[in-house]
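1. From the sequence below, what's the structure:
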Amino acid sequence: MESSINNSISVEIPNYSGPLETLLDLAKNQKVDLTKISVAILADHFLEFIKNFEDRNLDTAFEYLVMATWLAYLK
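-> Next comes the predicted model:
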């Protein structure tokens, strides 16, 4: 998982690779099967992101947490 220069959070998980925001949009529009997306893996990615938090950009961390919460809710 990485955060690019524009603070877009990218994830690589089974059945999806790309920006987390895009995954959330796909889920909201029912264009991705959330039963095939592991929220547990996303949570692990979030913990890894927080552990490696070099720039201490709380906005990016909060953004990730909100998107992951939405995905869990939609699932």
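
2. ok, the residue nearest the centre of the chain - contacts?
-> Geometric centre of the chain, nearest residue: Leu20, 4.0 Å, by Cα atoms, centre = their mean. Contacts for Leu20 (Cβ atoms under 8 Å, 6 or more residues apart in numbering) come out as 8-11, 42, 64, 67-68. Just so you know, the C-beta spots here come from the backbone N, C-alpha and C atoms, and that holds for glycine as well.

3. Distance to Val32 for the residues you listed - can I get that in TSV?
-> Listed next are the contacts of Leu20 as TSV, based on distance: Cβ to Cβ, whole Å:
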residue	distance to Val32
Ser8	18
Ile9	17
Ser10	16
Val11	13
Leu42	13
Tyr64	18
Met67	13
Ala68	14
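
4. Next, check those against the strands and list the overlap.
-> 9-11 (DSSP state E).

5. Kindly indicate which of the residues you listed lies nearest Leu74.
-> Val11 (15.8 Å; Cβ to Cβ).

6. related to what we said a few turns ago, the contacts of Leu20: which two are farthest apart?
-> Ser8 and Leu42 (15.4 Å).

7. Now distance to Asn29 too, for the ones in strands among the contacts of Leu20, in a markdown table please.
-> Formatted as a markdown table, the ones in strands among the contacts of Leu20 follow (distance: Cβ to Cβ, whole Å):
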| residue | distance to Asn29 |
| --- | --- |
| Ile9 | 19 |
| Ser10 | 20 |
| Val11 | 18 |
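
8. wait, which of these is closest to Asn57?
-> Using Cβ to Cβ, the ones in strands among the contacts of Leu20 come closest to Asn57 at Ile9, 10.7 Å.

9. my read: the closest one touches Tyr64, true?
-> Yes: counting by Cβ atoms under 8 Å, Tyr64 is a contact partner of Ile9 at 5.2 Å.

10. and for those two, which residues touch both?
-> By Cβ under 8 Å, 6+ apart, the residues touching both Ile9 and Tyr64 are 20, 49.

11. Buried ones among the contacts of Leu20?
-> 9-11, 42, 64, 67-68 (16 or more other Cβ atoms under 10 Å).

12. All set, thanks.
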